[in-house]
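J.: Sequence and computational prediction follow.
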Amino acid sequence: AVVSTQSGHYGRDNKIVELVELFPDLLNVQVLPDTLVLQISSLSVSPFFVENVGTLQLAALSVCRGVFCLYEKHRQIILDDIFSSLARLPSSKRNFRSYTLSNGESIQMVTALVLQLIQCIIKVPKAEEKKAQEAPKSKEENYEKKKHKKKGKRRRKSSADEELEVKKEKSTDCDSALIPLL
């Protein structure tokens, strides 16, 4: 039976949101076939181009982010889908702001989506990983370090050491560039 009251639609909308909120859990526990991943990603992008479905958009944001993070070969398809849908929007609807940042300012929901997609694939080294990278990798390297310390000579930096330092600087730059989203 079709319910025509406003509360009936609200109940149905909540069920849809609840269903969409379960997709990230599915993505985390099961490797899905490409056809299903494509359908889920399409389903998760669509709500961003419809008005007055903010709760569904937030649920879809998590789903889209999950697919984007876990299925690398589908990233370009997701971005293409987002940007082609954005291009089809009438110009009057492109400035709709509905995502509130932690500082109270609002941005477009599509902007929040793209920022979170970018953020989810950035890998910032943890402190333990940095220590492991700096630690000697073999007994020979450890012996060489001790030998240089005893002689009082400074070990000359190799090109690999210099490359590692550059990567560390870049990862620090990425760390400060992250935008906190809700």
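T.: Yes, it's here.
J.: going forward, measure contacts and count neighbours with C-alpha atoms only.
T.: OK.
J.: Lowest-scoring secondary structure element of this structure by mean pLDDT?
T.: Sorted by mean pLDDT, DSSP states H and E, the helices and strands of the chain end with helix 159-177, the least confident at a mean of 46.
J.: Going by residue numbers, what spans are helices in the protein?
T.: Using DSSP state H, the helices of the chain run over residues 6-29, 34-45, 54-70, 75-88, 109-121, 127-134, 139-151, 159-177.
J.: which residues sit in contact with residue 27?
T.: 66, 67, 70 (CA atoms under 8 Å, 6 or more residues apart in numbering).
J.: For the chain, give me the ranges with low pLDDT.
T.: The model of the chain has pLDDT under 70 over residues 1-10, 93-97, 128-182.
J.: and if we set it to 90?
T.: Low-confidence segments of the chain (pLDDT under 90): 1-14, 49-54, 86-102, 104-109, 122-182.
J.: okay but residue 107 is in contact with residue 100, surely?
T.: Yes: applying CA atoms under 8 Å, one finds residue 107 in contact with residue 100, separated by 6.4 Å.
J.: related to what we said a few turns ago, save the contacts of residue 27 as CSV, and put in distance to residue 87 too.
T.: Shown next, in CSV, are the contacts of residue 27 (distance: CA to CA, whole Å):
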residue, distance to residue 87
66, 24
67, 22
70, 26
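J.: Just the closest of those to residue 22, please.
T.: Comparing the contacts of residue 27 against residue 22 with CA to CA places residue 66 closest, at 11.4 Å.
J.: ok, how many other residues are close to the closest one?
T.: Per other CA atoms under 10 Å, the neighbour tally for residue 66 reads 20.
J.: excluding its backbone neighbours, what's nearest it?
T.: Distances taken as CA to CA, 6 or more residues apart in numbering put residue 24 closest to residue 66, at 5.9 Å, once the chain neighbours are dropped.
J.: who touches that neighbour in this structure?
T.: Neighbouring residues of residue 24 by CA under 8 Å, 6+ apart: 62, 63, 66.
J.: and the gap between the nearest residue to the first one once chain neighbours are set aside and residue 107?
T.: Looking back up the chat, that one is residue 62. Residue nearest to residue 62 in three dimensions, not counting chain neighbours: residue 24, with 6.5 Å by CA to CA, 6+ apart. Distance of residue 24 to residue 107, given as CA to CA, to the nearest Å: 24 Å.
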